[in-house]
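Participant: structure for this input, please:
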Amino acid sequence: MDADGRNGNKRFHQRLAPLDRANNNVCYHWRAGRCNRHPCPFLHSELPPHQQQQQSVAPDGGAIAKRNNVWRNPGAASGPPSKWGKGRGGGAVGRPPGRASGRASDRICHYFLAGNCTYGENCRFLHSWFISDSFSLLTPLQGHQKAVSGIALPSGSDKLYSGSMDESVRAWDCQTGQCVGVINMGGEVGCMISEGPWLFIGVRNAVKAWNTQTATELSLDGPSGQVYSLVVGNELLFAGTQNGRILAWKFSAVGNCFEPAAFFDGHQLSVVSLVVGALRLYSSSMDNTIRVWDLATFQCIQTLTNHTSVVMSVLCWDQFLLSCSLDKTIKVWVTTESGNLEVTYTHTEEHGVLALCGMHDAQAKPILLCSCNDNSVRFYDLPSFSERGKIFSKEEVRAIQTGPGGLFFTGDATGELKVWKWLTNEVANS
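Facilitator: Model (predicted):
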């Protein structure tokens, strides 16, 4: 469990280049009473009150902090002013606030990833799986042979479950980290979620349902082709399929089964992400669109066409909808007075974005995790989109899942699952 010693972060600060004090970054080593750099490139004093950055209120707390000089994207829709993206500063992409620039210090050594860097301590690139003072790597879990496509923690269970395109679901003991079971699904696992004690697994032409407390196993037929997305909401289970259709089932306690309730047609290509919020179902597709469905009538009430490539993931957070795409953007949507969703802020990445996940750090601040197809996961404070950290992986991360007690999990295309934890007190990787 010794994250620092095992993952190479102990050399990180010695390899950073100097930073001009004019940037007014306060040395967090000095704040902790243990700075040993002479001279130190950061300030050894607190900033004056008028320069200290105002903290944001968590979106799910029902409010976004009031900020000065609020701005909107050019051409954004009418409605309340956007506070998204405010306060990003001039930090370089890929470097959390307070990090020094230069010497490729925020670039991972690909030979290190492969385990064969010959430069060792003299390598000019980073030998670490992450850059952050806010979280640490607890342990990698190895066993899958292909991409991890789903991660789930059913309530009341002491097991972590992971599904993979290697046609298996693995159960991991949460105390020891050991794999305690492998279930052969007979086909690729396209997605996997949990709701209460139930585990739902999307495979070709079916959704498999398993109650981890009673060992009840069900097979929900109806999907055509691979099931790529699942979500539970409004007492319904929804499945997005390869042919663009979304199917819904309602659980019947009397028969201990799931009964077909509805289906949604409209997408032209595979439905790859689903989320439920405020009596609405939001679906994103490989047809580059997001559809909004009214769960009272099961009708599509709006089609969002602002993305120019596959919309890989959608996320509801408070009154906002966030979406990401292979077009290298993350869009923040808000409902206007007309009742329609329109873009209030667009964040641009250097690479396509594969998945979104929202959670709170150890200080209850809202954080957005976004996986990019350069094999990294970026961490952003919300609503400012100031970069908080970065995770590196051997291949792209397909699955991200939050857990209890500050835990979160990532699964990449090599089949490796990693367990991470937010630090209660932020410390330096030294």
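Participant: helices along the stretch 251-400 of the chain, start to end?
Facilitator: In the stretch 251-400 of the chain, no helices are defined using DSSP state H, counting those that start in this stretch.
Participant: now do the strands in it.
Facilitator: Ranges of strands within the stretch 251-400 of the chain are 257-264, 271-277, 280-285, 290-294, 299-304, 311-317, 320-325, 329-335, 341-348, 353-360, 366-372, 376-381, 387-392, 397-402, based on DSSP state E, counting those that start in this stretch.
Participant: wait, which of those is closest to W198?
Facilitator: strand 257-264 (9.5 Å; C-beta to C-beta). For the C-beta atoms, the positions are set from N, CA and C on the backbone; glycine is no exception.
Participant: tilt between that closest one and strand 290-294?
Facilitator: Calculated by axes from the mean of the first three to the mean of the last three C-alpha atoms, to 10 degrees, strand 257-264 forms an angle of 120 degrees with strand 290-294.
Participant: pLDDT below threshold where in this structure?
Facilitator: 1-24, 26-39, 41, 44-82, 87-106, 426-430 (pLDDT under 70).
Participant: 90 instead?
Facilitator: Within the chain, the segments meeting pLDDT under 90 span 1-129, 131, 133, 156, 252-257, 278, 317-319, 337-339, 394, 424-430.
Participant: hmm, L237 and F258 touching each other?
Facilitator: Yes. Using C-beta atoms under 8 Å, F258 is in contact with L237, at 6.3 Å.
Participant: go through the protein and flag its longest strand.
Facilitator: strand 217-233 (DSSP state E).
Participant: now do it: which elements does it pack against?
Facilitator: strand 191-195, strand 198-211, strand 236-241, strand 246-252, strand 257-264, strand 271-277, strand 280-285 (3 or more C-beta pairs under 8 Å, 6 or more residues apart in numbering; DSSP states H and E).
Participant: what pairs with it, parallel or antiparallel?
Facilitator: Within its sheet, and counting by DSSP bridges, strand 217-233 is paired with strand 198-211 (antiparallel), strand 236-241 (antiparallel).
Participant: save those as TSV, and put in distance to R124 too.
Facilitator: What follows is these, written out as TSV (distance: least, C-beta to C-beta, whole Å):
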stretch	distance to R124
strand 198-211	43
strand 236-241	44
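Participant: out of the ones you listed, which is closest to G225?
Facilitator: Nearest of those to G225, taken as C-beta to C-beta: strand 236-241 at 5.6 Å.
Participant: and the contacts of that closest one?
Facilitator: 195, 200, 202, 207, 220, 223-232, 246-251, 258, 261-262, 270-274, 276, 281, 283, 285, 295 (C-beta atoms under 8 Å, 6 or more residues apart in numbering).
Participant: one step back: which one, of the helices and strands packed on strand 217-233, ends up nearest to M185?
Facilitator: It's strand 198-211; of the helices and strands packed on strand 217-233, that one is closest to M185 (C-beta to C-beta) at 5.5 Å.
Participant: strand 246-252 and the closest one, what's the angle between them?
Facilitator: Going by the same axes, to 10 degrees, strand 198-211 makes 50 degrees with strand 246-252.
Participant: and strand 198-211, what's buried?
Facilitator: Residues of strand 198-211 classed as buried by neighbour count (16 or more other C-beta atoms under 10 Å): W198, L199, F200, I201, G202, V203, R204, A206, V207, K208, A209, W210.
Participant: do stretch 171-183 as well
Facilitator: Buried residues in stretch 171-183, counted by 16+ other C-beta under 10 Å: A171, W172, C179, I183.
Participant: centroid-nearest residue for this structure?
Facilitator: Geometric centre of the chain, nearest residue: C357, 2.9 Å, by C-alpha atoms, centre = their mean.
Participant: let me see the contact set for that one.
Facilitator: Counting by C-beta under 8 Å, 6+ apart, C357 has contacts L315, L368, L369, C370, I400, Q401, T402, F408.
Participant: got it, and L304?
Facilitator: Contacts of L304 by C-beta under 8 Å, 6+ apart are T289, I290, R291, V292, S323, W333, L341.
Participant: who's it bridged to?
Facilitator: Beta-bridge partners of L304, counted by DSSP bridges, are I290.
Participant: given the host helix or strand of V180, what are its sheet partners and their directions?
Facilitator: Per DSSP states H and E: V180 is located in strand 179-184. Paired neighbours of strand 179-184 in the sheet (DSSP bridges): strand 168-173 (antiparallel).
Participant: chain center to the strand it pairs with: distance?
Facilitator: Centre-to-centre, strand 168-173 and its host chain are 21 Å apart (C-alpha atoms, centre = their mean, to the nearest Å).
Participant: between strand 191-195 and that strand, find me the angle.
Facilitator: Using the same axes, to 10 degrees: strand 168-173 against strand 191-195 is 40 degrees.
Participant: residues making contact with strand 168-173?
Facilitator: 141, 143-144, 158-164, 178-185, 189, 192, 199, 201, 417.
Participant: give me the beta-bridge partners of V232?
Facilitator: Beta-bridge partners, per DSSP bridges, of V232: L237.
Participant: wait, it sits on V207?
Facilitator: No. Using C-beta under 8 Å, V232 is not in contact with V207; the gap is 11.4 Å.
Participant: who touches both of these two?
Facilitator: In contact with both V232 and V207: F200, using C-beta under 8 Å, 6+ apart.
Participant: which among the buried residues of strand 198-211 gets closest to T305?
Facilitator: Closest to T305 out of the buried residues of strand 198-211 is G202 (26.1 Å), distances taken as C-beta to C-beta.
Participant: contacting residues for that closest one?
Facilitator: With contacts defined as C-beta under 8 Å, 6+ apart, G202 is in contact with G150, V189, G190, C191, M192, P223, Q226, V227, Y228, S229, L230, A239.
Participant: tell me what it is bridged to.
Facilitator: C191, V207.
Participant: what lies in contact with the host helix or strand of G411?
Facilitator: Per DSSP H and E: G411 is located in strand 407-412. Residues from elsewhere that reach strand 407-412, judged by C-beta under 8 Å, 6+ apart: 135, 138, 144, 147-151, 160, 162, 164, 357, 359, 369, 371, 375, 377, 391, 393-403, 417-422.
Participant: give me the buried entries from the residues you listed.
Facilitator: Buried members of those, scored by 16+ other C-beta under 10 Å, are 135, 138, 144, 147-151, 160, 162, 164, 357, 359, 369, 371, 375, 377, 391, 393-394, 396-403, 417-422.
Participant: about what we covered before: which strand residues bridge the residue nearest to the centre of the chain?
Facilitator: Bridge pairing for C357 - DSSP bridges - gives L369.
Participant: what's the distance between it and G411?
Facilitator: According to C-beta to C-beta, to the nearest Å, C357 stands 12 Å off from G411.
Participant: great, nothing more from me.
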